[in-house]
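> Fold the following for me, if possible:
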Amino acid sequence: MKICEIFQSIQGEGDLAGYPSIFIRLTGCNLRCKYCDTEYAFYEGKEMSIEDIMKEIGDYKSKYVCVTGGEPLLQEETPNLLKTLLNNGYKVCLETNGSLDISDICKEFEKYGEDFVISLDIKCPYSGMSDKMRLENIPLLREHDQLKFVVYDEEDYNYAKDIIKRFKPRCKIIIQPVWGTDYRRIAELMIEDGINARFSLQIHKIIWGERRGV
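Modelled structure (predicted):
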């Protein structure tokens, strides 16, 4: 597998925000979002076996692992990595960008229950990638999975709100403003609407700023 970086930090996003977590960032992405903060993951990385990955994370104390990217599902070995992590007692969150079919992953990993979480992005218009989304993935998400909208402005927020209204997801819903934008306005809109979603800021950036490896 081609691995961009492995590190331990605080989970900064979504339902698990605040938990010490191990991050395994895979190389490669099929999208090019305007606000991407991990462009280095498009190409950088080194080949590692699953055994090498497990050995590297062995010294970390956290039992939460986030497999992210880039886009992890572009690599054929990703399901084997996920299984190895789960079979070794880790709680695993797979972050995927919403453009690829997740139906096989949902079926294959159903037996792991809440130890395996899918965090599915739906890209909003400002990203420039909203036309790449597979919205048919949304009904596949379970109650303990999460659906995340990264929103730049009110237009993005309304786009997310319309999708939520249309699909009525049973999973947890996260609305996360793009870093450095008008967080207060998005929060106010959520309060006005009484929307059933969690407002999320990137905690790791609040703590350490915009740096790699955190």
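> which residue sits closest to residue 86 in space, ignoring its chain neighbours?
residue 112 (5.2 Å; Cβ to Cβ, 6 or more residues apart in numbering). For glycine as for every other residue, the C-beta is placed from the backbone atoms N, C-alpha and C.
> how about the one you found, secondary structure?
Three states are possible here, and by DSSP: H, G, I helix; E, B strand; the rest coil the one that applies to residue 112 is helix.
> Show me the strands in this protein, by range?
2-10, 20-26, 46-47, 64-68, 91-96, 116-123, 146-151, 172-177, 198-199 (DSSP state E).
> And those strands: which comes nearest residue 135?
strand 116-123 (7.3 Å; Cβ to Cβ).
> For the closest one, name the packing helices and strands.
Applying 3 or more Cβ pairs under 8 Å, 6 or more residues apart in numbering; DSSP states H and E, one finds that strand 116-123 contacts strand 91-96, strand 146-151.
> what's it in contact with?
By Cβ atoms under 8 Å, 6 or more residues apart in numbering, the residues outside strand 116-123 that reach it are 14-16, 31, 33, 82, 86, 91-99, 102, 105-106, 109, 129-130, 132-133, 135, 137-138, 141-142, 144-150, 160, 163.
> residues in contact with the nearest residue to residue 128 once chain neighbours are set aside?
Nearest in space to residue 128, with sequence neighbours left out and distances taken as Cβ to Cβ, 6+ apart, is residue 34 at 5.2 Å. With contacts defined as Cβ under 8 Å, 6+ apart, residue 34 is in contact with 126-128.
> May I have the beta-bridge partners of the spatially most central residue of the chain?
By Cα atoms, centre = their mean, the mean C-alpha position of the chain lies nearest to residue 95, the distance being 3.2 Å. Note on residue 95: beta-bridge partners residue 119, judged by DSSP bridges.
> For it, give its distance to residue 66.
Using Cβ to Cβ, to the nearest Å, we find residue 95 at a distance of 6 Å from residue 66.
> Show me which of the contacts of strand 116-123 are buried.
Neighbour-count burial within these applies to 14-16, 31, 33, 82, 86, 91-99, 102, 105-106, 109, 129-130, 132-133, 137-138, 141-142, 145-150, 160, 163; the criterion is 16 or more other Cβ atoms under 10 Å.
> distance of residue 106 from residue 193?
Residue 106 is 29 Å from residue 193, by Cβ to Cβ.
> so where do the helices sit in this structure?
50-57, 78-87, 103-108, 154-167, 183-193, 203-208 (DSSP state H).
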